[in-house]
Structures are given as structure tokens and as C-alpha cells.
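Novice: Show me how the following folds:
(2 chains)
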Number of protein chains: 2
Amino acid sequence: MYSLDLLRQNIEKHIALSETEYKIFRQFFKLETIAKKDFFLKQGDICKQEAFVIDGCFRIFTLDKAGNEHVLYFAIQNWWLSDIDSFINQSPSYLSIQALETSEILTIGKANKEKAYTQIPKIEKLFRIMSQKFLAATQRRIIQNHSLTADQRYLHFLDNYPQISEKLTNIQIASYLGISHEFLSKIRRKITNRK
Amino acid sequence: MYSLDLLRQNIEKHIALSETEYKIFRQFFKLETIAKKDFFLKQGDICKQEAFVIDGCFRIFTLDKAGNEHVLYFAIQNWWLSDIDSFINQSPSYLSIQALETSEILTIGKANKEKAYTQIPKIEKLFRIMSQKFLAATQRRIIQNHSLTADQRYLHFLDNYPQISEKLTNIQIASYLGISHEFLSKIRRKITNRK
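Specialist: Presented below is the predicted three-dimensional model:
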């Protein structure tokens, strides 16, 4: 089953699990399909489950009071979906997570995640390492937003999301970069002319 | 020893350690004094240790290519100091961490931290929980930067750092908020007039 292998490969980048440990962990997950434009999480709701992306593409964004969308990041195959703030505190989410195409995910609920931590101590290590890496990547992005020009941030985006940049609209990419889509078009023309 | 108690109290907000487990963990730390204006970490260097703040105040900032400073956050008593990106990858840091006053910290090196994870499995849980909470707080701050006005961000800052806002210069607070110090003065006058 390819989905099972993907999750296992993802875990084994960080820790080694025995066959038995992996089986126990795997049974806490449920395979689900999310249709294009459907939401894994809606801003204001409580994030009751996390998910591992088997296939597809998601947009993680927040709506400000004026109704403007701000894309925080995109999640594709091999990424994890969660509003960590809402999930750990069981408080209303400030984020929405929407499928940009029909997607397959493995979901795990909060109670099962706690069981996994208790029954398989290595799962503590797994999420300790993954949280630290995601924290490092988030911090790197904050620093880049301070220190890089919009052109440089766009080139970084293409490096980070080579598989999906072509699936996204100009408006979605511009929102992720924190610039207008007119400005993004200007940057794209400049880069094309340079080649 | 008050410093020992502070670390223990901080840990016990997240997990329960036995007397023996705490003693093993504690022996990996070294008490150090950092003079005012000295650096715990300099941008470009590798972050070889993390620290727990017993007393004092630190500024965590990055310098962009034009030489402008951007303050990411401040750390006071009970906070942890680290460039997580540089520490886990042992790569050059994009951050500097500087003492704003003479400070006392408990430092732990990378090799000792790995030993702590191995010798006391609950330490995995501790840093899993702390990393997830810090990630949630970082994400909340990114969202607030998108959705709140500068006035609201300043009021949030006063709530988050009640003990230190009076120790900081206008320029340091303005850099944290991502605004000019002239604009911060305007906000302060507006808030004072409202009272």
C-alpha cells in the first residue's frame, strides 16, 4: 500500500521504528479523501485532528478583519497538516486549511495522538524532532521576510515548492509572498527577461 | 539555590520529573554570567549551546544586508535561549542574542542535550511540548503581524512583556514591532491621551 509506505518513509527520516511499533502507530490513522476546495480546518473551528498528506495540495491561510487572505504556507505530499496552536490548546483556530485539489490524507485525532505518545515512547522523539525542524523553518522564513527582497523571496519560493508553483494562481503565490499580484507579475517578467 | 528551583519549576509546568531524573538533567547545565551588552550568540557563529534564563534580559535580533536590525523577540527570566535552526543543524546562525543587562543563565551544550534525551526519556517529552508551544506562539505572532494594526501589536507587546517594556528603548520596541520609532512615539501619545 503506497500510502502506508509514504508515512513510514517520512517517519524514518527522523527515527527508526520497529515493525510492531510502526503497526501500533499506523492503526491510529484513518485514510480520508478531501475534495478540491473542501476544508480540512476552518478558521474559528477547533483543530481536532492532524494529518499527513499522501497526495494533493493544501493552502494554509488566515483571513484578517478586513477580509483579506494571507497565505502562511502550502502543504503537499509528505507534509503534515495542523493548526498546532488550536490543536494543543483546543482553542478556536486562526487558520483555515483548504484543499487546492482532491487530496488524500491520513488523519489522527488528539486522543489517539496522546495514546501514541504513551504507547510508543519513540513517537515523543519523532514529534520533538519534527516540531524543532518546523520551528527552525518558520524562524528562517521570518528572517527572510526581513532581509530578502521580494524577488529573492520569490526565487526561494520556487526552490521550496518546485512541485506546486505551477499549480497555483498568481494571486495565491502573491499572498504567500506578501505582495500584490501586479508586483509579482513584474518580478516574473524581470526574471524571464534575465534568462 | 534559587536558580535550581526556577529551572525545576519551569520544567514542571510541562512534565513531572523524579528527584533522581531532575538531578541527572541538572548536572548537564552550567551556571554562567553574561555581562550587559555581551553576546550569548553572534550572527554567523554556530549555536553550540542553549540556555535557560535565571535572571536578566536578552534581545534576539537579525541584521539584514543593509545593516538594519530586526528584533524577533526578547527573552527574560524563565525563557529559553537558542537559535534552534543553527543548534539542530550546526550551521551558521542568522541571529544574534545579546544581553540587555547583566544576566545569569544555565547553559547546556549539544552533546549533553543529546545525552539528556537518551538518559531521561521524559526530556524528549519536555522538549516536544516546549517546541510545540513555542511554534504555536511563533505562528500566533505571524498571524497577528498580518491581522493587527501597529497600535494593537503594541498593546499585545505590553501584555506579553509586562516586566521588561520599561527597560527597553523606544528604538528596540519599534524594531520588534516592525515600525519606525517616530511612529511608535505617535502610538504611545495616542494611547496616553485616551486614558
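Novice: C-alpha from now on. contacts and neighbour counts both.
Specialist: Noted.
Novice: Count the residues that sit near residue A:51.
Specialist: 20 (other Cα atoms under 10 Å in any protein chain shown).
Novice: can you pull up the bridge partners for it?
Specialist: Residue A:51 has the following beta-bridge partners by DSSP bridges: residue A:81, residue A:107.
Novice: and the longest helix for chain A?
Specialist: The single longest helix within chain A, with elements called by DSSP state H, is helix A:122-147.
Novice: Wondering if that helix reaches chain B at all.
Specialist: Yes - for helix A:122-147, a contact with chain B is found by Cα under 8 Å from any Cα of the partner chain, at A:124-125, A:127-129, A:131-137, A:139-140, A:143, A:146-147.
Novice: Using PyMOL, define a selection of the buried residues within those residues.
Specialist: With 16 or more other Cα atoms under 10 Å in any protein chain shown as the burial test, the buried ones among the residues of helix A:122-147 next to chain B are selected in PyMOL as follows:
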select buried, chain A and resi 124+125+127+128+129+131+132+133+134+135+136+139+140+143+146+147
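Novice: element containing residue A:155, please.
Specialist: helix A:150-160 (DSSP states H and E).
Novice: what's downstream of that helix, the next helix or strand?
Specialist: Counting by DSSP H and E, what follows helix A:150-160 is helix A:170-177.
Novice: Flag the helix or strand of chain A with the lowest per-element mean pLDDT.
Specialist: helix A:2-12 (a mean of 82; mean pLDDT, DSSP states H and E).
Novice: Can you mark which positions in that one are buried?
Specialist: Across helix A:2-12, burial judged by 16+ other Cα under 10 Å covers A:3, A:6, A:7, A:8, A:11.
Novice: Count the residues that sit near the nearest residue to the fourth one once chain neighbours are set aside.
Specialist: Among residues not flanking residue A:8 along the chain, residue A:22 sits closest, at 7.5 Å (Cα to Cα, 6 or more residues apart in numbering or on different chains). When neighbours are defined as other Cα under 10 Å, residue A:22 has 17 of them.
Novice: now the closest residue to chain B within chain A: how far from residue A:121?
Specialist: Going by Cα to the nearest Cα, chain B is nearest to residue A:128 of chain A, at 3.9 Å. The spacing between residue A:128 and residue A:121, counted by Cα to Cα, to the nearest Å, is 11 Å.
Novice: still on that earlier bit, secondary structure class for the residue nearest to residue A:8?
Specialist: Assigned state for residue A:22: helix (three-state reduction, DSSP: H, G, I helix; E, B strand; the rest coil).
Novice: any idea how far residue A:113 is from it?
Specialist: 14 Å.
Novice: Repeat that for residue A:98.
Specialist: 22 Å.
Novice: Not counting residues beside it along the chain, what's closest to residue A:108?
Specialist: Nearest residue to residue A:108, sequence neighbours excluded (Cα to Cα, 6+ apart): residue A:29, at 4.9 Å.
Novice: Does the one you found touch residue A:106 like I think?
Specialist: Yes - the pair residue A:29 and residue A:106 passes the contact test of Cα atoms under 8 Å, sitting 5.6 Å apart.
Novice: Tell me who's in contact with the residue positioned nearest the centre of chain A.
Specialist: Nearest to the mean C-alpha position of chain A, by Cα atoms, centre = their mean, lies residue A:75 at 3.5 Å. Contact analysis of residue A:75 by Cα atoms under 8 Å, 6 or more residues apart in numbering or on different chains lists A:53, A:57, A:58, A:59, A:60, A:81.
Novice: where does the fifth one land in three-state SS?
Specialist: To tie it back to what came earlier, the one meant is residue A:60. strand.
Novice: So what's the residue count around the closest residue to it other than its chain neighbours?
Specialist: Of all residues not flanking residue A:60 in the chain, residue A:97 sits nearest, at 4.6 Å (Cα to Cα, 6+ apart). By other Cα under 10 Å, the residues close to residue A:97 number 24.
Novice: what about residue A:155, distance to residue B:27?
Specialist: Computed as Cα to Cα, the residue A:155 to residue B:27 distance reads 46 Å.
Novice: my bad, residue A:12
Specialist: 31 Å.
Novice: Tell me the confidence at residue A:18?
Specialist: With respect to pLDDT, residue A:18 scores 95.
Novice: need the contact list for the residue of chain A closest to chain B.
Specialist: Going by Cα under 8 Å, 6+ apart, the list of residues near residue A:128 reads B:124, B:125, B:127, B:128, B:129, B:131, B:132.
Novice: isn't residue A:116 right next to residue A:25, touching?
Specialist: Yes - if you go by Cα under 8 Å, residue A:116 and residue A:25 touch, sitting 6.1 Å apart.
Novice: do you know how far the residue nearest to the centre of chain A is from residue B:132?
Specialist: If you measure residue A:75 against residue B:132 using Cα to Cα, the figure is 18 Å.
Novice: Residue A:60 too?
Specialist: The gap separating residue A:60 from residue B:132 is 18 Å, by Cα to Cα.
Novice: that older thread, who has more neighbours out of residue A:98 and residue A:113?
Specialist: The residue with more neighbours, out of residue A:98 and residue A:113, is residue A:98; 22 against 17, by other Cα under 10 Å.
Novice: avg pLDDT for the helix or strand that contains residue A:53?
Specialist: Secondary structure from DSSP H and E places residue A:53 in strand A:49-55. Mean pLDDT, strand A:49-55: 97.
Novice: Tell me which two of the contacts of residue A:75 sit farthest apart.
Specialist: Largest separation among the contacts of residue A:75 by Cα to Cα: A:53 and A:60, giving 13.2 Å.
Novice: Neighbour count: these two, which is higher?
Specialist: Using other Cα under 10 Å, the more surrounded residue of residue A:53 and residue A:60 is residue A:53, with 25 against 21.
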